[in-house]
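Trainee: no sequence on this one, just coordinates:
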């Protein structure tokens, strides 16, 4: 073969890797089949293995909060669920319905085999005094079953019937609660109480000519703050000034009437 013919043969020769294409395709096909079989096997194992079935949900309270009643270690499911088939949003709704004291519930999976509910509590505005003591939210939702004794540190709301029994998760249906909460919240947020706290709130019906019932907020030192819902800010500011500058005299006060721009202070030996 002449040098010229030899050069043409070299130029026309197929690339050296072209002969390996069928082998590569076959190899990739085998790899794909093996991967599919392996994946199917893993999926079957996960679905059938009891290791991935759960019967309880661990409840974790948000940092900084404390249970107001006995803490719940977990939420037991009506029937076991597969970890990867659980309806997380539906489970969160079920937990919230059963425990109205929870403000938020978020359920998530935690490998290898746990369902965890991260929850936050609703803040009770006080404890409604009926047949028992019931924690209530500002909107009137009853948060807990009744307790035979009062919770420490929460105002007792002396509203409604003393013989009423309230159901958790339902509204207490006490119409005057909204007025009492409005006055209570404004007093608490004004920061005029100092180290004192509210121990009780009661309502005294007024005459037909009055626009609102009289709300009496009782402090832990026995001082009564009498008010009606409305703009209490300026009057509370004057009350704060009295308590700072006339502390010794205010110790002898039985009540302070906040219904008037000029505060009315009644002394303990004053029968008026």
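Mentor: Looks like it came in fine. For clarity, every value in this text was computed on a predicted model and none was experimentally measured. Residues are numbered from 1 along each chain as shown.

Trainee: now what about the strand or helix carrying residue 105, what contacts it?
Mentor: Assigned by DSSP states H and E, residue 105 belongs to strand 102-110. For strand 102-110, contacts defined as Cβ atoms under 8 Å, 6 or more residues apart in numbering pick out 57, 83-84, 86, 88-89, 91-93, 95-96, 115-122. Any C-beta I mention is one placed from the backbone N, CA and C, and that applies to glycine too.

Trainee: quick one, strands of the stretch 151-272 of the chain?
Mentor: Assigned strands in the stretch 151-272 of the chain, in chain order: 156-158, 198-204, 214-219, 224-227, 253-257, 264-267 (criterion: DSSP state E, counting those that start in this stretch).

Trainee: Make CSV from those and add distance to residue 246, mean pLDDT and mean neighbour count to it.
Mentor: As requested, these are arranged in CSV below (distance: least, Cβ to Cβ, whole Å; pLDDT from 0 to 100; neighbours: other Cβ atoms under 10 Å):
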stretch, distance to residue 246, mean pLDDT, mean neighbour count
strand 156-158, 28, 96, 20
strand 198-204, 21, 92, 18
strand 214-219, 16, 94, 20
strand 224-227, 15, 94, 20
strand 253-257, 9, 93, 18
strand 264-267, 9, 92, 14
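
Trainee: Compare these and report which one is nearest to residue 140.
Mentor: With distances scored as Cβ to Cβ, the stretch of the strands of the stretch 151-272 of the chain nearest to residue 140 is strand 156-158 (10.5 Å).

Trainee: Paired strands for the closest one, with orientation please.
Mentor: Paired strands of strand 156-158, with direction, are strand 126-129 (parallel), strand 198-204 (parallel) (DSSP bridges).

Trainee: Outline the domain layout of the protein.
Mentor: Using automatic domain parsing, the domain parsing of the chain gives 51-121, 123-173, 175-272.

Trainee: looking at these, which is buried most?
Mentor: Among those, the stretch with the highest mean neighbour count (mean count of other Cβ atoms under 10 Å) is domain 123-173, at a mean of 17.

Trainee: and the end-to-end length of that one?
Mentor: End-to-end span of domain 123-173 (Cα to Cα, to the nearest Å): 19 Å.

Trainee: Low-confidence bits of the stretch 151-272 of the chain, can you list those?
Mentor: Applying pLDDT under 70 to the stretch 151-272 of the chain flags residues 205-211, 270-272.
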